[in-house]
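Asker: sequence first, then the predicted structure, then my questions.
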Amino acid sequence: MIEFACKHCQQSIRLSDNKAGIFGRCPHCAEPVTVPTASDLALHDDVFVELDPSQSLVLQSDANHPSTDLGTRSVSLASKALAWFFGLCFMMLFAMSVWRYPLVSLPALAGAALLIPPIYQRARSMLGFDVGAQWKVMGSVVLFICYMMMFSSATSNENAERSELAKKQAEQQRKTEREQTAQYLKSNKAAIQAEANAFIDQGKVAEALSVVGKYRELGDADIDAIAVKVELKNKTIATEAKKSKLVESLASIKDDNISERAKIYTQLVALAPDNAGYKKQLTELNTQIAQAAAKKKAEEEAAALKAYQRQTGLAWRYDTHKDEMTQKEVLTAQVDSINTLSFGFPYSGSQRATLELRKHPRWGSDVILQIERGQFLCSSYDGCSVSVRFGEGKPQRFSATEPSDNSTTYLFISDYSKFMTQLRKVDEVVIEASFYQSGNQALKFSTENLDWK
């Protein structure tokens, strides 16, 4: 009979002599093995499982499969090497932690016993059961995770205990020092007071504070009073120094830089709230700042209004073109009415009137009132009149005529010089004219910022 141990699981296998050199699988771990030469033991051979002929590995002599046996041996050696390596790692972890954390080291010991082959064979023979390669890997990972978690928890707890112990020792140290300081103060109180008062009289506030500072809050009212006195004096000195620096900085700030000067006086009032001069200056500066802000806001609003008026035609717009006959320049200035007109059919629809100033090389200077649609009521023979109010003045009558082409959308207002003299003095003009089937309508124009000579 032949008796040998499996190279993979180390289990014993017994076969008859005629199986020598046959290649098959271990009945315990199902790994491929080659039967060695026959032994003298006579046992049953029904525990050996031969490979199925349909599989790629067939029963044949070991001499005929050298490459297969070499690969098997290589895999087996690699597996053993890895088991030894990781097993020794577990053993090192066990040795590192067993003295400090005995309970924590148990997972490391279990991992070493699971992976190191001699220890594992010993444990297997004692316990009577076997663990497959897959379960060894999974068990090793689980044991390593358990070890790391337990080790981390143990070290954290140890650090917390050390920190707490250090705090207690520091507190005890402070308590001892406090008691020693209190005893020293009790024995040398008069000398300490004399030294502190001498420094105060000399104006050496910092030195006086260093003398009594370490004896504060020991329950001695006299020492605490000296400390408060020194701190108040020190605060006063610091305040005066800061005030002097701020006052000096005012000399470098220009008078027109109101905001920066106001910032300085705000700090001075905070440092010296009883100083009437600082308060007066700050009030005046704040008033100037408010006035400047209001002026700026008004200017911005006026600029926005002008921009809107220019955009909508409610501000003066100027144009220059040449007269075709004389080739001389024709100058015009136009502004649209603030309010709108609405007539009935066939002139329906909202519209604005236009006031135009014109200087023509042949026709002279004119004031022209025009609309887009509709009809002015003005006889081409007798003419008509319009009522004009300049600013807040009283209404005045001005003669008007239709253009030479009898257009009903234009009116020429007479007495250009009188009209312009009063127009230049106001920012608003209202002109009332008569319209066909609509009666008298007042047209309001914003005439400020006129640039016309």
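Answerer: Thanks, I have the structure now.
Asker: tally of neighbours for the closest residue in space to residue 373 that isn't next to it in sequence?
Answerer: Nearest non-adjacent residue to residue 373, counting by Cβ to Cβ, 6 or more residues apart in numbering: residue 347, 4.2 Å away. All C-beta atoms are positioned from the backbone trio N, CA, C, and that covers glycine. The local packing of residue 347 (other Cβ atoms under 10 Å) involves 19 other residues.
Asker: residue 431 too?
Answerer: Neighbours of residue 431 (other Cβ under 10 Å): 23.
Asker: quick check: closest non-adjacent residue to residue 262.
Answerer: Of all residues not flanking residue 262 in the chain, residue 285 sits nearest, at 4.1 Å (Cβ to Cβ, 6+ apart).
Asker: check which helix or strand the one you found maps to.
Answerer: helix 276-312 (DSSP states H and E).
Asker: and that helix, which residues are buried?
Answerer: Residues of helix 276-312 classed as buried by neighbour count (16 or more other Cβ atoms under 10 Å): 278, 281-282, 285, 309.
Asker: okay, those residues in TSV with distance to residue 138 and pLDDT next?
Answerer: Output for the buried residues of helix 276-312, formatted as TSV (distance: Cβ to Cβ, whole Å; pLDDT from 0 to 100):
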residue	distance to residue 138	pLDDT
278	82	88
281	84	89
282	80	90
285	81	90
309	87	71
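Asker: tell me the one of those residues nearest residue 133?
Answerer: The closest of the buried residues of helix 276-312 to residue 133 turns out to be residue 282 (Cβ to Cβ; 88.5 Å).
Asker: that closest one contacts residue 267, doesn't it?
Answerer: No. In this structure, residue 282 is not within contact of residue 267 by Cβ atoms under 8 Å, at 9.9 Å.
Asker: let me see the contact set for the residue nearest to residue 262.
Answerer: Residue 285 makes contact with 258, 261-262, 265, according to Cβ atoms under 8 Å, 6 or more residues apart in numbering.
Asker: before we move on, which element is the closest residue to residue 318 other than its chain neighbours in?
Answerer: Counting by Cβ to Cβ, 6+ apart, residue 318 lies nearest to residue 333, which is 5.3 Å off, once chain neighbours are set aside. Using DSSP H and E, residue 333 sits within strand 329-336.
Asker: output the contacting helices and strands for that strand.
Answerer: Identification of packing neighbours for strand 329-336 by 3 or more Cβ pairs under 8 Å, 6 or more residues apart in numbering; DSSP states H and E yields strand 317-322, strand 354-360, strand 439-446.
Asker: and of those, who's closest to residue 36?
Answerer: In terms of Cβ to Cβ, the element of the helices and strands packed on strand 329-336 nearest to residue 36 is strand 317-322, at 117.2 Å.
Asker: who touches the closest one?
Answerer: Against strand 317-322 from outside (Cβ under 8 Å, 6+ apart): 310, 328-335, 451.
Asker: of these, closest to residue 198?
Answerer: Of those, the one sitting nearest to residue 198 (Cβ to Cβ) turns out to be residue 310, at 80.2 Å.
Asker: buried residues in stretch 238-247?
Answerer: 243, 246.
Asker: pull the residues that contact it.
Answerer: The contact list for stretch 238-247, computed with Cβ under 8 Å, 6+ apart, reads 264, 267-268, 271-272.
Asker: and that stretch, how far out from the chain middle?
Answerer: In this view, stretch 238-247 has its centroid 38 Å away from the chain centroid, taken as Cα atoms, centre = their mean, to the nearest Å.
Asker: OK, contacts around the residue nearest to residue 373?
Answerer: Shown in contact with residue 347 (Cβ under 8 Å, 6+ apart): 373-375.
Asker: what about it, which SS state?
Answerer: coil (DSSP: H, G, I helix; E, B strand; the rest coil).
Asker: CA atoms only: put stretch 281-299 into CSV for me.
Answerer: Extracted in CSV, the C-alpha atoms of stretch 281-299 (Å, rounded to 0.1, in the frame of the first residue of the first chain):
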residue,chain,number,x,y,z
GLN,A,281,-16.9,119.0,15.1
LEU,A,282,-18.5,115.5,14.5
THR,A,283,-22.0,117.0,14.3
GLU,A,284,-20.9,119.6,11.7
LEU,A,285,-19.0,117.0,9.6
ASN,A,286,-22.0,114.6,9.7
THR,A,287,-24.3,117.5,8.6
GLN,A,288,-21.9,118.2,5.7
ILE,A,289,-21.8,114.6,4.7
ALA,A,290,-25.6,114.4,4.7
GLN,A,291,-25.9,117.6,2.6
ALA,A,292,-23.3,116.2,0.2
ALA,A,293,-25.1,112.9,-0.1
ALA,A,294,-28.4,114.8,-0.7
LYS,A,295,-26.8,117.0,-3.3
LYS,A,296,-25.3,114.0,-5.0
LYS,A,297,-28.6,112.2,-5.0
ALA,A,298,-30.4,115.2,-6.5
GLU,A,299,-27.7,115.5,-9.2
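Asker: in this structure, which helix or strand is least confident?
Answerer: strand 49-50 (a mean of 48; mean pLDDT, DSSP states H and E).
Asker: next secondary structure after it?
Answerer: Following strand 49-50 toward the C-terminus (DSSP H and E): helix 66-97.
Asker: would you mind listing the buried residues in that next one?
Answerer: Using 16+ other Cβ under 10 Å as the test for burial, helix 66-97 gives 68, 72, 79, 83, 86-87, 89-91, 93-94, 97.
Asker: over to stretch 317-334?
Answerer: Residues 330-334 are the ones in stretch 317-334 that count as buried (16+ other Cβ under 10 Å).
Asker: distance between the ends of it?
Answerer: From its first residue to its last, stretch 317-334 covers 5 Å (Cα to Cα, to the nearest Å).
Asker: residues near residue 98, how many?
Answerer: Using other Cβ under 10 Å: residue 98 sits among 15 other residues.
Asker: quick check: phi and psi on it?
Answerer: When quoted as degrees, to the nearest 10, the phi and psi of residue 98 stand at phi -70, psi -30.
Asker: tabulate the contacts of residue 347 (TSV), appending secondary structure and pLDDT.
Answerer: Listed next are the contacts of residue 347 as TSV, based on DSSP: H, G, I helix; E, B strand; the rest coil; pLDDT from 0 to 100:
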residue	secondary structure	pLDDT
373	coil	92
374	coil	92
375	coil	93
